[in-house]
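Visitor: kindly return the folded structure for what I paste below:
(one chain, ligands or ions: 1)
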Amino acid sequence: MRIGLLGAGRMAEALGTRFAETGHQIFVGARDGDKSSRFAQKIGESVAAGSLREAAEFGDILLLAVKRNAIADALRSSGADDGLLVGKVLIDCNNLGPDPEGTASIAEEISLLSKGARVVKAFNCCHFEVWKLSPPVFDGRPLSVPICGDDANAKAAVRELVASLGCRALDLGPLNKARHIEYLAAIVIGLLFSGFAPRTVFNLITETEF
Ligand SMILES: NC(=O)c1ccc[n+]([C@@H]2O[C@H](COP(=O)([O-])OP(=O)(O)OC[C@H]3O[C@@H](n4cnc5c(N)ncnc54)[C@H](OP(=O)(O)O)[C@@H]3O)[C@@H](O)[C@H]2O)c1
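Guide: The predicted structure follows:
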């Protein structure tokens with residue numbers, strides 16, 4: 001898959017490294033060109049780097065991983081207002097923090113800000129240290145990754161991406177389920193803040209394994 005990373009922080013590094021290791025083509029986009037080049041060298045040999053806009057142009061799938069308060073700015077820099085994100089699968093891994101308020105989700109906000117993009121919530125329920133595991137398996141079980149979104153094909157692509165990391169996607173339904181996934185992440189963040197180890201996860205156990 002051709003994946004554009006929008007952001008060059010800890011989540012982009014952990015997931016981008018694993019995406020590169022599992023054979024995906026990666027382009028890192030950051031607001032600072034030098035930083036994105038250094039970052040690209042760190043995460044894989046054939047990883048390309050440039051601006052946020054170039055990363056958005058490159059990727060069929062985009063991972064938006066920036067500070068919560070930088071989302072609107074980063075989407076603008078990625079060409080959202082110029083229609084560059086139309087048809088792109090836009091993965092939102094961003095979180096509200098340990099004490100979210102209200103019912104609007106970040107994912108739905110992103111969908112409004114990036115008209116025509118096919119937003120899928122995913123990868124937000126674990127600390128970035130979990131995404132460095134190869135593969136993320138707990139007690140012999142692949143990690144469950146809750147996802148949601150309104151576009152069936154976009155979710156199929158994200159399910160495939162999740163599977164390529166050795167995890168198991170749990171499709172929770174349309175994008176308006178994102179608030180539940182963000183609140184689940186808030187519980188995890190609260191546990192981490194109270195002293196739990198970074199690789200603390202909720203994982204699904206079913207009576208009959210899938
Ligand atoms: N950390 C975790 O364990 C974790 C887990 C799950 C979800 N998340 C979510 O993932 C997102 C990223 O978290 P992180 O820990 O990776 O953050 P981080 O390490 O602090 O990196 C944030 C990134 O945002 C970029 N950025 C800031 N302002 C920007 C702007 N105006 N335009 C473009 N890029 C901008 C930064 O670029 P510069 O380097 O140029 O400043 C940096 O690349 C957050 O929403 C967080 O809630 C984090």
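
Visitor: okay, now the unreliable bits of the protein?
Guide: Counting by pLDDT under 70, the chain shows low-confidence ranges at 209-210.

Visitor: buried sites along stretch 183-199?
Guide: 185-186, 188-189, 191-192 (16 or more other Cβ atoms under 10 Å). Where you see a C-beta, it was placed from the backbone N, CA and C, and this is true even at glycine.

Visitor: can I get it in CSV, CA atoms only?
Guide: Output of stretch 183-199 as CSV, limited to C-alpha atoms (Å, rounded to 0.1, in the frame of the first residue of the first chain):
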residue,chain,number,x,y,z
TYR,A,183,-13.6,7.2,25.1
LEU,A,184,-12.0,3.7,25.3
ALA,A,185,-8.7,5.4,24.6
ALA,A,186,-9.4,7.9,27.3
ILE,A,187,-9.7,5.0,29.8
VAL,A,188,-6.4,3.6,28.6
ILE,A,189,-4.8,7.0,28.9
GLY,A,190,-6.2,7.4,32.4
LEU,A,191,-4.6,4.1,33.4
LEU,A,192,-1.3,5.1,31.9
PHE,A,193,-1.3,8.4,33.8
SER,A,194,-2.0,6.5,37.0
GLY,A,195,1.1,4.4,36.5
PHE,A,196,0.2,1.4,34.4
ALA,A,197,3.0,0.3,32.0
PRO,A,198,2.9,1.8,28.4
ARG,A,199,2.1,-1.6,26.9
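
Visitor: hang on, the earlier thing: return the member of the buried residues of stretch 183-199 nearest to Gly140.
Guide: Using Cβ to Cβ, Val188 comes nearest to Gly140 of those, at 20.9 Å.

Visitor: can you tell me the closest non-neighbouring residue to the closest one?
Guide: Among residues not flanking Val188 along the chain, Cys125 sits closest, at 5.9 Å (Cβ to Cβ, 6 or more residues apart in numbering).

Visitor: narrow the buried residues of stretch 183-199 to those in helices?
Guide: Mapping the buried residues of stretch 183-199 onto helices (DSSP state H) picks out 185-186, 188-189, 191-192.

Visitor: output the buried residues of stretch 183-199 as TSV; include the columns distance to the ligand.
Guide: Below are those laid out as TSV (distance: Cβ to the nearest ligand atom, whole Å):
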residue	distance to the ligand
Ala185	6
Ala186	10
Val188	8
Ile189	8
Leu191	13
Leu192	8
